[in-house]
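*Asks:* have a look; sequence and predicted model below, questions after that.
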Amino acid sequence: MNDLVEFTALPDGEALDRLAKMIDQAADTRDGELTDKALSLSKQLSARSNLTGEQRVLLHYFRANAFETQLDLADQGRSWAWDVPHLQNVLLELRRAVRDEAFAKLNPFRQCQIYTNLGNKLNSIGRPVEALMQWDRAIALNPNFAMALGNRGHGLVHYGEALYDSGHHGLFLLSAHDSFVAASADGAIFDSPVSNAHRAPFSAIAGQIAERLDLDTTREFFYREFSLGRSKAERAYRSWCLKNRLFLNPLNDLGVFSIAAHDVLHLPSLTISIDEGGAGPPAVFGFYNQLKQEFISARWLCYEGLTEQRAHFSDRDTHLYDTLSIPSYSLATEKTKLAFRMSYSLFDKIAFFINDYFKVGLAEREVSFRSVWYERKGKSKPLSSIFLNRPNWPLRGLYWLSKDLYEPAFEEVSEPDAEGLANLRHHLEHKYCQVYEDLCLGYSQFATAQYGSTLGFRIGRDMLDAKTLHLLKLARATLIYLSLAVYGEEAARNAERGDGLIAPMPLWMWQERRRL
């Protein structure tokens with residue numbers, strides 16, 4: 001009690017410094033009680049109304065470090081555990097720090113640390129697509145930040161090993177090699193003496209990659225310029241997709257390279273026993289084709305909605321009442337809304353794919369992207385035995401990605417804006433969502449007086465654009481993890497199969513016929 005009274009009396013800055021030292025000490029000494037005490041004091045500090053924006057961001061960062069210590073103490077020797085205590089809290093606090101408007105005001109070095117930690121955590125749970133984005137943000141701020149470079153190298157190695165395309169794997173190794181070389185160079189900047197101990201291991205891994213890969217030949221191929229299309233419009237579209245990492249192509253996660261400007265991702269080859277075969281390829285091939293086509297169509301609608309500069313002729317002579325609310329009524333706005341709705345719908349469809357392919361056994365009405373991972377019995381909803389400790393890295397990534405979405409029955413999330421995304425989707429699909437032109441009005445919800453219920457809310461056009469692009473990227477990552485998860489599962493199933501008669505299912509690629 002005396003400690004709490006003393007802490008309460010400290011000015012905000014001193015209290016934050018003391019809390020940071022306490023959390024560091026608890027991590028160094030592996031003191032669970034001290035960690036619990038620090039988290040308790042952090043709640044008291046977060047309730048103060050006079051914290052500056054930078055102090056608020058740092059508090060999220062320090063709380064994430066405390067939860068990381070709890071995670072380390074509770075998770076020893078359980079590398080394939082899926083429901084890991086405190087991990088959700090680590091992700092939530094780091095994301096809150098990054099999403100805070102005051103994050104940009106932080107010292108760039110601290111920003112790099114937060115980005116790097118978030119990337120590390122996302123990669124550890126099987127979400128390398130998003131992890132690479134965080135590491136690259138740190139490197140953009142400081143190209144010599146060693147731990148972002150080194151962890152990016154490790155992430156690329158693991159991501160590359162999960163790919164079914166050996167050619168892509170080689171390009172990932174090349175990019176990993178370059179990251180390890182930069183992380184161990186004389187100019188690399190380490191944030192502590194402890195992290196500096198990684199310099200020699202980073203250099204050693206770079207050397208191992210160089211021994212097994214023809215770096216010069218691979219580099220020449222990787223940096224070759226490929227066509228982005230025949231017309232100026234197509235080239236502009238494909239350049240936008242590359243910049244935003246929206247191609248269904250793992251190579252796009254390596255950066256803006258023209259070699260990645262094609263949607264080449266598909267399911268890997270499947271091997272089935274004779275009694276499992278039918279008249280043609282398994283239905284999952286067609287299902288994945290449909291998922292892929294819907295994503296690509298949503299991506300195009302998003303691009304048109306974000307880039308159209310002139311009113312479409314279909315909007316001419318459309319007589320609408322002036323509601324004095326600066327509404328954004330246009331075909332472009334509706335395309336953005338459609339892109340959001342199509343992207344969101346993909347997640348539940350992917351849940352049906354998972355339910356079928358992994359033989360989860362949920363009834364049709366019980367399937368959703370949040371529910372497919374859990375047992376049906378009981379209110380606690382334990383993780384299904386189908387997935388419990390299953391050694392499939394990208395499949396575990398899909399499980400954790402599902403926590404970025406909100407459902408009333410599954411309130412725990414690791415994404416700060418999960419409920420906001422779900423609420424926006426609900427209004428777009430079923431109610432009233434008014435998009436208004438941004439004139440520094442911010443984001444506001446409004447309610448009608450009818451029957452005391454909320455009919456809808458307002459959202460600025462810029463905010464709608466940002467949320468749609470975010471959701472599109474999340475859908476892309478989900479489709480990549482699904483392909484990788486099937487590849488990993490096929491490898492495990494083939495290893496378990498005996499010597500019985502089996503038949504590989506050949507995969508034919510369909511391409512659009514082009515008029516010459």
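*Replies:* In hand now; what should we look at? Numbering: from 1, shown residues only.
*Asks:* from here on, just use CA atoms for contacts and neighbour counts.
*Replies:* Noted.
*Asks:* tell me, what residue is most central in this structure?
*Replies:* What sits nearest the mean C-alpha location of the chain, by CA atoms, centre = their mean, is residue 130, with 4.1 Å.
*Asks:* next one: the host helix or strand of that one to chain centre, how far?
*Replies:* Per DSSP states H and E: residue 130 is located in helix 128-141. The chain centroid and the centroid of helix 128-141 are separated by 11 Å under CA atoms, centre = their mean, to the nearest Å.
*Asks:* cool, stretch 340-358 as well?
*Replies:* From the chain centre to the centre of stretch 340-358 is a distance of 16 Å (CA atoms, centre = their mean).
*Asks:* equivalent analysis for stretch 158-169, please.
*Replies:* From the chain centre to the centre of stretch 158-169 is a distance of 19 Å (CA atoms, centre = their mean).
*Asks:* by contact count, what packs against the lengthiest helix in the chain?
*Replies:* Using DSSP state H to assign secondary structure, the helix with the most residues in the chain is helix 461-496. Helices and strands touching helix 461-496, by 3 or more CA pairs under 8 Å, 6 or more residues apart in numbering; DSSP states H and E, are strand 270-273, helix 283-307, helix 331-357, helix 393-402, strand 432-436.
*Asks:* which stretch in the ones you listed has the least confidence?
*Replies:* Among the helices and strands packed on helix 461-496, strand 270-273 has the lowest mean pLDDT, at a mean of 72.
*Asks:* so residue 262 sits against residue 248, correct?
*Replies:* Yes - counting by CA atoms under 8 Å, residue 248 is a contact partner of residue 262 at 7.3 Å.
*Asks:* who has more neighbours, the two?
*Replies:* Between residue 262 and residue 248, counting by other CA atoms under 10 Å, residue 248 is the more crowded of the two (23 against 17).
*Asks:* for the more buried one, what are phi and psi?
*Replies:* Per-residue torsions, residue 248: phi -80, psi 70 (degrees, to the nearest 10).
*Asks:* which non-adjacent residue is nearest residue 267?
*Replies:* Closest residue in space to residue 267, ignoring its immediate chain neighbours: residue 483 at 5.2 Å, by CA to CA, 6 or more residues apart in numbering.
*Asks:* quick one: that neighbour and residue 268 touch, right?
*Replies:* Yes - the criterion here is CA under 8 Å, and residue 483 meets it with residue 268 at 7.0 Å.
*Asks:* and the strands in the stretch 1-150 of the chain?
*Replies:* For the stretch 1-150 of the chain, strands defined by DSSP state E, counting those that start in this stretch do not occur.
*Asks:* low-confidence ranges in it?
*Replies:* Within the stretch 1-150 of the chain, the stretches with pLDDT under 70 are 1-5, 75-79.
*Asks:* buried stuff in the longest helix of the chain?
*Replies:* Buried residues in helix 461-496, counting neighbours by 16 or more other CA atoms under 10 Å, are found at 461-462, 464-465, 467-469, 471-490.
*Asks:* likewise for stretch 299-318?
*Replies:* 299-306.
*Asks:* likewise for stretch 103-111?
*Replies:* Within stretch 103-111, the residues scored as buried using 16+ other CA under 10 Å are 103, 111.
*Asks:* convert the C-alpha atoms of that stretch to CSV, please.
*Replies:* Taking C-alpha atoms only, stretch 103-111 is exported to CSV below (Å, rounded to 0.1, in the frame of the first residue of the first chain):
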residue,chain,number,x,y,z
PHE,A,103,3.6,7.6,-32.0
ALA,A,104,5.2,9.7,-34.7
LYS,A,105,6.4,12.2,-32.1
LEU,A,106,8.5,9.6,-30.3
ASN,A,107,12.2,9.4,-30.7
PRO,A,108,12.8,7.5,-34.0
PHE,A,109,15.1,5.1,-32.1
ARG,A,110,12.2,4.2,-29.8
GLN,A,111,9.9,3.8,-32.7
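*Asks:* just to revisit the earlier point, which residues touch the helix holding residue 130?
*Replies:* Outside helix 128-141, the residues that touch it by CA atoms under 8 Å, 6 or more residues apart in numbering are 108, 111-113, 115-116, 118-123, 145, 148-149, 151-152, 155-156, 159, 253, 477.
*Asks:* what subset of those is buried?
*Replies:* Here, 16+ other CA under 10 Å leaves 111-113, 115-116, 118-123, 145, 148-149, 151-152, 155-156, 159, 253, 477 buried among these.
*Asks:* roughly how far apart are the nearest residue in space to residue 146 that is not next to it in sequence and residue 147?
*Replies:* By the measure of CA to CA, 6+ apart, the closest residue to residue 146 outside its immediate chain neighbours is residue 183, 4.5 Å from it. Separation of residue 183 from residue 147 (CA to CA, to the nearest Å): 7 Å.
*Asks:* with neighbour numbers in mind, choose between the two.
*Replies:* Ranked by neighbour count (other CA under 10 Å), residue 183 and residue 147 place residue 183 first, with 32 against 29.
*Asks:* so that one makes contact with residue 142?
*Replies:* No - look at residue 183 against residue 142 with CA under 8 Å: they stay out of range, at 11.8 Å.
*Asks:* and which of the buried residues of stretch 299-318 is nearest residue 175?
*Replies:* Closest approach to residue 175 among those (CA to CA): residue 299, at 26.8 Å.
*Asks:* surely that closest one is in contact with residue 339?
*Replies:* Yes - with contact defined as CA under 8 Å, residue 299 reaches residue 339; the gap is 6.7 Å.
*Asks:* overlap of the contact sets of the two?
*Replies:* In terms of CA under 8 Å, 6+ apart, residue 299 and residue 339 are both contacted by the residues residue 472.
*Asks:* looking at the helices and strands packed on helix 461-496, which is closest to residue 65?
*Replies:* Nearest to residue 65, of the helices and strands packed on helix 461-496 and by CA to CA, is helix 393-402 at 19.6 Å.
*Asks:* go through that closest one and flag the buried ones.
*Replies:* For helix 393-402, the neighbour count (16+ other CA under 10 Å) marks 393-402 as buried.
*Asks:* tabulate those in TSV, adding columns for distance to residue 421.
*Replies:* Listed next are these as TSV, based on distance: CA to CA, whole Å:
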residue	distance to residue 421
393	26
394	24
395	23
396	22
397	20
398	18
399	18
400	17
401	14
402	13
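*Asks:* quickly check those for the two that are furthest apart.
*Replies:* 393 and 402 (14.5 Å).
*Asks:* distance of the residue nearest to residue 358 when sequence neighbours are not counted from residue 364?
*Replies:* Nearest-residue entry for residue 358: residue 386, 7.8 Å, with adjacent residues in sequence omitted and distances by CA to CA, 6+ apart. From residue 386 across to residue 364, the span is 17 Å (CA to CA).
*Asks:* next: residue 244.
*Replies:* The value you get for residue 244 to residue 364, if CA to CA is used, is 35 Å.
*Asks:* of the two, give the one with the bigger neighbour count.
*Replies:* Ranked by neighbour count (other CA under 10 Å), residue 244 and residue 364 place residue 244 first, with 17 against 9.
*Asks:* quick one: the more buried one and residue 407, what's the gap?
*Replies:* 28 Å.
*Asks:* give the contact list for residue 94.
*Replies:* 60-61, 64, 114, 117-118.
*Asks:* any low-confidence regions in the stretch 151-300 of the chain?
*Replies:* 272-281.
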